[in-house]
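Undergrad: Quick one: sequence and predicted model below, then my questions.
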Amino acid sequence: MIGPLLLDADKIVASEDARAAGRVLEAVVHLARHNGALSGESGIAEYEDALFRLTLQADERARQAMSLLLTDLSLFPIRLTTLLAADDAVTVASPILTAALCLEDRVLIDCSTYQSLDHRVAIAKRSVLSEPVTEVLVDRSEHLVLRTVVNNLGARFSQKGFSRIIDNAAADESLALAVAARSDLPRHHFVRLVAVVPVGLKQILGSRFLGENVSATSAISVPVTPECLTPSDQQAAFAAFDRDYGEMVIDEHAVECAARQHHVDAVAVMLSRLGQTDFHRAREIIADSKLEPLLILARAAGLSWATTRLILSLRNGGLGSSMSDIDHAIVSFERIKPTIAKQVLALRTNSAIHNQTLARS
């Protein structure tokens, strides 16, 4: 029944007549809707090649009609579906982007990257979304996309994705409440969320999701001084770290997250693991007023200058506000090679252990 309509598909495509291709496509859609001409996977598979070529040539109205037909019938031949999903016209792409589960992540990522806001909103409504796709969706910080995808229980988020969402939730109460309500939000991200939202919202988050009264200063810490760091219970520090950051991959992003929360013990735990040194040694270096030991530890841990400066800001007095102080620190940081930093740190750690052993004896 559809076959005769497609006999001249090659000629129509060769003519580059968008309206002629559209008329044939609309006729196919009409037959499919009223006579079941494309019922089942085998029915559409027989004609997919011709339909693909006509859709590529047809005008927007006909492409939209084909998109809606496939969505209504839940028939998604992969070539034709991918073509429609990548359409610049959101009226064509949107139904497919939302409903076609056969679309590969690479297609969704490309559409999220290069197409319009409306395309991204359509993708954010999909019943299933992987971490690589949501990372791209949240990266632009578009509020409509963020709210849509965070409220989508079928969406999964990476650590980076959650971090980006919380960055935006600081100034968006509805987004903050939505992400806080997610059962898959790791505790350390919830802790950070409470830290960045306005005071009034801290109370709401605490009472609604923790059953606690969160004070206005609950997420605010004073700069760290050497007095704050003598001596600490390492077991308690590691227990707190496992509770708040246990699910997080220990890398520079994790260090940055902990430093922004003024979680000094957590920063020390991470630096001790990344820099392969003792926890107490890492903690002392963070609190020390000397610049060089921290720069060496940061280099050994593979940190960038931006994250190192965050850690420096935890100290009493911070880095200093003058440009000369900052320039001196940057130059010193850049001069230290990571390989040399690891060797120096290992020597100093071993020396400190040796001295402690002698003192005990």
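TA: That came through fine.

Undergrad: I'd say residue 147 and residue 177 touch.
TA: No. Taking contacts as Cβ atoms under 8 Å, residue 147 lies outside contact range of residue 177: 10.3 Å. The way it works is simple: take the backbone N, C-alpha and C, and place the C-beta from them, glycine included.

Undergrad: quick one: low-confidence parts of the stretch 201-350 of the chain?
TA: When residues are selected by pLDDT under 70, those of the stretch 201-350 of the chain lie in 208-233, 316-325, 349.

Undergrad: and with 50 instead?
TA: With pLDDT under 50 as the threshold, the stretch 201-350 of the chain has low-confidence stretches at 212-231, 320-321.

Undergrad: Tell me which stretches of it form helices.
TA: Remark: helices assigned in the stretch 201-350 of the chain by DSSP state H, counting those that start in this stretch are 234-245, 252-260, 264-274, 279-287, 292-300, 305-312, 323-335, 338-360.

Undergrad: Quick check: closest non-adjacent residue to residue 257.
TA: Nearest residue to residue 257, sequence neighbours excluded (Cβ to Cβ, 6 or more residues apart in numbering): residue 192, at 6.1 Å.

Undergrad: likewise residue 150?
TA: residue 178 (4.6 Å).

Undergrad: And that neighbour, what's its pLDDT?
TA: Note for residue 178: predicted pLDDT of 94.

Undergrad: what's the spacing between the host helix or strand of it and its chain's center?
TA: Residue 178 is part of helix 173-180, with elements assigned from DSSP states H and E. For helix 173-180, the distance from its own C-alpha centre to the chain's C-alpha centre is 16 Å (Cα atoms, centre = their mean, to the nearest Å).

Undergrad: Against which helices or strands is it packed?
TA: Using 3 or more Cβ pairs under 8 Å, 6 or more residues apart in numbering; DSSP states H and E, the elements in contact with helix 173-180 are helix 143-150, helix 159-169, helix 187-196, helix 199-205.

Undergrad: Buried residues in the second one, which are they?
TA: By neighbour count on 16 or more other Cβ atoms under 10 Å, the buried set for helix 159-169 is 159, 161-166, 168-169.

Undergrad: again with stretch 269-287
TA: 269-272, 274-275, 277-287.

Undergrad: swap in stretch 18-27?
TA: Buried residues in stretch 18-27 (16+ other Cβ under 10 Å): 18, 20-26.

Undergrad: likewise stretch 139-146?
TA: 142, 145-146.

Undergrad: and if you look at stretch 60-79?
TA: 62-71, 73, 75-77.

Undergrad: What of stretch 237-257?
TA: Neighbour count says stretch 237-257 has 237-238, 240-241, 244-245, 248, 250, 252, 254-257 buried, by 16+ other Cβ under 10 Å.
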